[in-house]
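> how does the following fold in three dimensions:
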Amino acid sequence: MRSLLFVLSLICFCSQSALSWKKEEFRSCDQTPFCKRARSRTPGACSLIVGDVSITDGDLVAKLLPKTPNQGDGDQIKPLILSLSVYTDGIVRLRIDEDHSLNPPKKRFRVPDVVVSEFDEKKIWVQKVATETISGDTSPSSVVYVSDGYEAVVRHDPFEVYVREKSGDRRRVVSLNSHGLFDFEQLGKKSDGDNWEEKFRTHTDSRPSGPQSISFDVSFYDSSFVYGIPEHATSFALKPTKGPGVEESEPYRLFNLDVFEYEHESPFGLYGSIPFMVSHGKSGKTSGFFWLNAAEMQIDVLASGWDAESGISLPSSQSRIDTLWMSEAGIVDTFFFVGPGPKDVVKQYASVTGTSAMPQLFATGYHQCRWNYKDEEDVAQVDSKFDEHDIPYDVLWLDIEHTDGKRYFTWDNVLFPHPEEMQKKLAAKGRKMVTIVDPHIKRDDSYFLHKEATQKGYYVKDSSGKDFDGWCWPGSSSYIDMLSPEIREWWGGRFSYKKYVGSTPSLYIWNDMNEPSVFNGPEVTMPRDALHVGGVEHREVHNAYGYYFHMATSDGLVMRGEGKDRPFVLSRAIFPGTQRYGAVWTGDNTAEWEHLRVSIPMVLTLGLTGVTFSGADIGGFFGNPEPELLVRWYQVGAYYPFFRGHAHHDTKRREPWLFGERNTELMRDAIHTRYMLLPYFYTLFREANVTGVPVVRPLWMEFPQDEATFGNDEAFMVGSGLLVQGVYTKGTTHASVYLPGKESWYDLRNGKTYVGGKTYKMDAPEESIPAFQKAGTIIPRKDRFRRSSSQMDNDPYTLVIALNSFQEADGELYIDDGKSFEFTRGSYIHRRFIFSNGILTSTNLAPPQARLSSQCLIDRIIILGHASGPKTALVEPLNQKAEIEMGPLRMGGLVASSGTKVLTIRKPGVQVDQDWTVKIL
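As a prediction, the model looks like this:
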């Protein structure tokens with residue numbers, strides 16, 4: 001009877017969880033002892049000084065010692081070991097840990113498999129340490145070369161680390177412990193009478209290792225705003241959380257949680273945690289700071305004047321933003337990025353954690369999802385309706401109900417009796433399928449996966465050492481221990497066609513609930529004192545659990561395809577390095593205008609912190625969007641890097657053809673826009689894959705000295721060529737749009753020209769949202785609409801040339817086979833297009849060994865901003881003439897009804913993979 005009541009109570013919980021977010025179920029800072037302790041500390045509280053400086057293995061190594069020797073029988077402050085390393089491109093790594101030679105009770109957890117192996121090759125071995133006495137200090141500090149323009153300073157007394165410029169007045173860039181808030185709770189042995197337990201609601205955390213938190217202040221100099229540290233549903237520029245003028249004093253929380261129907265404009269942590277913050281200021285310079293730590297973290301952005309009574313003097317000539325970083329466990333493993341440009345910082349971060357995986361082409365198209373498509377007949381009908389309404393799409397998704405009783409790697413044999421045949425029918429049209437595989441495994445002795453995981457001991461353990469038993473969609477569940485490389489490799493093997501019966505090469509994977517979500521756990525997640533392989537407590541690895549699950553799944557798909565097929569895996573949980581394994585989405589949003597609006601800063605923040613392949617559920621996961629909201633969401637979402645419609649099973653069906661003919665037309669146009677721009681998006685994904693620069697960018701990344709862009713998070717750049725302004729208010733037919741820079745902008749729909757550096761009140765009729773091409777850019781398109789991206793493979797290209805004030809422009813196009821890893825071995829096409837002096841030139845950017853060829857032609861060249869008059873163009877080396885016409889701008893199948901006439905060169909007949917010129921006569 002008691003077990004029945006327990007089940008009923010959980011069913012009640014699950015049903016309530018789908019209705020609203022209950023704030024009281026999650027801890028605030030005041031209910032989180034390590035956060036409360038750190039926030040109560042006053043500036044200057046740190047009493048540590050630096051001693052015993054040496055060079056070891058190319059690093060500056062020192063001890064952090066108490067300034068006043070330990071006295072009495074109280075807790076002894078033991079020396080900490082500080083290690084400072086320097087890397088190429090302006091990166092400084094600072095690590096602080098306990099002294100292992102003093103035999104602490106256990107080794108603190110260091111997060112593995114996040115920093116890419118190539119990073120070690122960029123190390124600059126410290127050859128010498130200079131000394132310098134900082135003004136006002138009584139002892140010298142240590143100075144280390146970073147690059148030609150920068151050096152790192154380890155200040156001995158008081159302890160401080162900062163990076164500064166070498167020239168001029170040696171302005172600071174980023175500093176740690178400038179306010180003396182550094183605190184490192186050392187591990188100790190439990191004494192009689194010690195009570196290390198922590199309680200929250202009905203849960204008790206045994207905390208077997210006791211308090212072990214770390215906190216410190218970080219300051220960013222010449223800073224106007226700070227950004228980053230996802231995942232939160234809030235503004236792009238981070239607002240102060242503590243200090244004068246701050247009413248609701250709650251830090252930004254980084255603790256991966258299953259948060260349904262989350263609030264917007266809240267510092268509350270969501271599904272992912274990336275402790276990487278970026279600073280940008282009026283000088284146009286950018287810097288960054290990253291703390292590699294998988295334990296819960298809380299971060300305060302401190303309002304100006306927070307330290308008015310501290311008595312600590314910092315350089316008064318530099319504007320500054322101070323922050324406070326607090327974590328429950330781990331070590332100090334931090335990275336300083338000197339920039340100085342916005343793209344420099346994201347490239348520096350990418351050199352540590354990796355660049356984005358190159359997606360398959362299909363993954364950059366439109367995805368159709370719902371919890372749940374009921375059966376094979378439903379799948380077939382949805383698929384056919386897309387064709388009937390001339391709407392392209394690439395992927396159809398199945399949620400948890402496709403399985404046999406929520407046992408992953410299975411199919412409901414009544415609803416989905418022929419899964420392979422179902423997938424092959426989609427594949428015949430170039431379409432794929434995605435099924436869901438979550439980390440909770442149904443505890444059923446007849447379930448093959450549970451039996452094998454139990455026998456091998458592959459589950460996370462509870463604090464007593466037994467297999468952890470929590471509650472999720474299947475009911476009683478255990479969770480695969482993804483911290484272990486051995487277990488991750490075993491998990492990857494489950495995706496073979498032999499093991500995953502019913503799967504085919506056109507099936508890909510969705511990892512949900514991988515925070516991990518535990519319905520009856522504290523804060524709807526796993527207890528912190530659960531145990532992973534090697535005795536690692538869950539508190540130490542929590543934020544990385546979903547990352548390792550994502551990694552194992554992605555590697556499994558690579559294994560399945562024998563290393564030939566690029567994987568596609570969508571993850572909800574996020575951590576540094578996630579970008580190397582697939583896409584993410586912003587979780588369980590709601591069909592509200594504010595959730596549409598906040599999706600932009602969320603996607604921008606993810607891109608800025610490395611995870612560029614992201615998007616929000618079109619229309620909102622919860623609730624029923626009104627047609628106008630749904631249309632506007634499709635119009636914005638067509639520019640998300642990851643473009644998927646998704647909905648909760650309690651909502652009304654919302655496929656694009658269900659809202660009347662006019663709304664179907666508007667949504668179709670939005671999806672067509674995405675497919676038309678796929679060559680441009682794919683080229684940008686390659687840029688992200690090579691450099692780490694995101695596909696979707698904040699305006700200030702392209703215009704770093706334009707202050708009007710610093711706080712703008714309603715407009716965004718797609719690459720360097722397109723600016724998009726969403727419509728986020730019901731009934732709006734106009735939008736205020738700021739167009740930055742000194743050059744002109746061209747309306748994407750009609751070619752009308754606007755001068756940069758001004759704010760315009762733009763028409764935003766129901767047909768479209770404001771979007772513009774920057775003067776000086778060339779954007780590749782494909783204008784023929786097909787059923788899916790793969791059916792566009794052999795279609796011709798259109799080049800849209802937007803001339804600047806010098807009558808010049810340039811752009812790039814990247815092409816590969818769209819699916820394999822052959823591009824890593826040189827099988828790709830990379831072209832650069834330059835328009836200057838009336839001549840368009842195509843040149844090769846690929847290395848000489850690049851060997852991919854293409855028969856695709858350039859079918860149309862559209863030139864914006866060119867004076868009328870020319871009648872023909874000369875194409876070389878073909879030595880033939882091509883027609884020129886003046887008329888309205890064509891955008892795919894649409895022809896502008898008004899606007900400027902543009903010059904179009906029709907059928908120049910040149911191949912996309914060849915060198916050629918087109919001269920306007």
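> show me the residue at the heart of the protein, geometrically.
Centroid-nearest residue in the chain, with C-alpha atoms, centre = their mean: Val611, separated by 2.4 Å.
> contacting residues around Val126?
55, 58-60, 84-86, 144-145 (C-beta atoms under 8 Å, 6 or more residues apart in numbering). Heads up, the C-betas are built off the backbone N, CA and C, glycines and all.
> try it again with 6 Å
For Val126, the contacting residues are 55, 58, 60, 144, by C-beta atoms under 6 Å, 6 or more residues apart in numbering.
> next, format these as JSON lines and append distance to Thr525 and secondary structure.
Output for these, formatted as JSON lines (distance: C-beta to C-beta, whole Å; DSSP: H, G, I helix; E, B strand; the rest coil):
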{"residue": "Ile55", "distance to Thr525": "43", "secondary structure": "strand"}
{"residue": "Gly58", "distance to Thr525": "40", "secondary structure": "coil"}
{"residue": "Leu60", "distance to Thr525": "39", "secondary structure": "strand"}
{"residue": "Val144", "distance to Thr525": "41", "secondary structure": "strand"}
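> can you tell me which of those residues is nearest Thr353?
Among the contacts of Val126, Gly58 lies closest to Thr353 (C-beta to C-beta), at 21.6 Å.
> just the pLDDT at the nearest residue to the closest one once chain neighbours are set aside, thanks.
Closest residue to Gly58 apart from its sequence neighbours, by C-beta to C-beta, 6 or more residues apart in numbering: Trp125 at 3.2 Å. According to the prediction, Trp125 has pLDDT 97.
> any idea how far Trp125 is from Glu628?
According to C-beta to C-beta, to the nearest Å, Trp125 stands 61 Å off from Glu628.
> which one of those two is surrounded by more residues?
Glu628 (17 against 10; other C-beta atoms under 10 Å).
> confirm the more buried one sits in a helix?
Yes. Checked against DSSP: H, G, I helix; E, B strand; the rest coil, Glu628 lies within a helix.
> what is the neighbour count of the closest residue in space to it that isn't next to it in sequence?
Excluding the flanking residues, the one nearest Glu628 by C-beta to C-beta, 6+ apart is Lys730, at 6.3 Å. A count of neighbours around Lys730, defined by other C-beta under 10 Å, yields 10.
> if I look at Lys730, how far off is Tyr639?
Taking C-beta to C-beta as the measure, Lys730 and Tyr639 are separated by 21 Å.
> and the pLDDT for Asp57?
Asp57 is assigned 97 on the pLDDT scale.
> for Ser790, which non-adjacent residue is closest in space?
Nearest to Ser790 is Gly430, by C-beta to C-beta, 6+ apart, at 3.4 Å.
> where in the stretch 801-921 of the chain is pLDDT low?
Scanning the stretch 801-921 of the chain for pLDDT under 70 picks out the ranges 892-899.
> swap in the chain?
Applying pLDDT under 70 to the chain picks out residues 1-21, 70-75, 892-899.
> mind running it again at 80?
Along the chain, segments meeting pLDDT under 80 span 1-22, 69-76, 248, 309-316, 868-869, 891-899.
> any chance you could map the strands in the stretch 101-250 of the chain?
For the stretch 101-250 of the chain, the strands defined by DSSP state E, counting those that start in this stretch occupy 123-124, 130-132, 141-147, 150-155, 160-165, 172-176, 183-184, 198-200, 203-205, 214-221, 225-228.
> right, and the ones you listed - which one's nearest Pro69?
Among the strands of the stretch 101-250 of the chain, strand 183-184 sits nearest to Pro69 (C-beta to C-beta), with 17.8 Å.
> re earlier: contacts only, for the residue nearest to Ser790.
With contact taken as C-beta under 6 Å, 6+ apart, Gly430 is in contact with 788, 790-791.
> make sure it is indeed in a helix.
No. Secondary structure of Gly430 (three-state DSSP): coil, not part of a helix.
> distance of it relative to Phe622?
32 Å.
> what does Ser40 give?
Ser40 sits 38 Å away from Phe622, taking C-beta to C-beta as the criterion.
> between these two, which is the more surrounded one?
Between Ser40 and Phe622, counted using other C-beta under 10 Å, the more crowded position is Phe622 (21 against 8).
> residues in contact with the more buried one?
By C-beta under 6 Å, 6+ apart, Phe622 lies in contact with 261, 590, 648.
> please tell me how far it sits from Ile441.
Distance, Phe622 to Ile441, using C-beta to C-beta: 27 Å.
> and for Pro240?
Relative to Ile441, and taking C-beta to C-beta, Pro240 is found at 43 Å.
> who's more crowded, the two?
Each of Pro240 and Ile441 has its neighbours counted (other C-beta under 10 Å); Ile441 has more, 25 against 19.
> over to the more buried one: give its phi and psi.
With angles defined as degrees, to the nearest 10, Ile441 sits at phi -110, psi 130.
> if it is in a bridge, with which residues?
Here Ile441 shows beta-bridge partners Ser478, assigned using DSSP bridges.
> hang on, it packs against His450?
Yes. With contact defined as C-beta atoms under 6 Å, Ile441 reaches His450; the gap is 5.3 Å.
> give me phi/psi at Asp467?
Dihedral angles (degrees, to the nearest 10) for Asp467: phi -60, psi 130.
> which outside residues touch the helix or strand where Gln773 lies?
Under the criterion of DSSP states H and E, Gln773 resides in strand 771-774. With contacts defined as C-beta under 6 Å, 6+ apart, strand 771-774 is touched by 721-724, 745-748, 802.
> just stretch 669-682 next, same as before
364, 366, 391-392, 634-635, 638, 643, 779-783, 785, 789, 892.
> in it, what counts as buried?
669-682 (16 or more other C-beta atoms under 10 Å).
> got it, and stretch 217-235?
Within stretch 217-235, the residues that qualify as buried are 217-235, counting by 16+ other C-beta under 10 Å.
> try stretch 690-699
692-699.
> then stretch 50-59?
So, applying 16+ other C-beta under 10 Å, buried residues of stretch 50-59: 50-51, 53, 59.
> dump it to PDB, keeping only the CA atoms.
C-alpha atoms of stretch 50-59 as PDB (Å, rounded to 0.1, in the frame of the first residue of the first chain):
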ATOM      1  CA  VAL A  50      52.700  34.000  -2.100                       C
ATOM      2  CA  GLY A  51      56.000  32.200  -1.200                       C
ATOM      3  CA  ASP A  52      58.500  29.700  -2.500                       C
ATOM      4  CA  VAL A  53      58.300  30.800  -6.200                       C
ATOM      5  CA  SER A  54      60.000  28.500  -8.700                       C
ATOM      6  CA  ILE A  55      59.900  27.300 -12.200                       C
ATOM      7  CA  THR A  56      58.800  23.600 -12.600                       C
ATOM      8  CA  ASP A  57      58.000  21.900 -15.900                       C
ATOM      9  CA  GLY A  58      57.700  25.200 -17.600                       C
ATOM     10  CA  ASP A  59      55.200  26.600 -15.100                       C
END
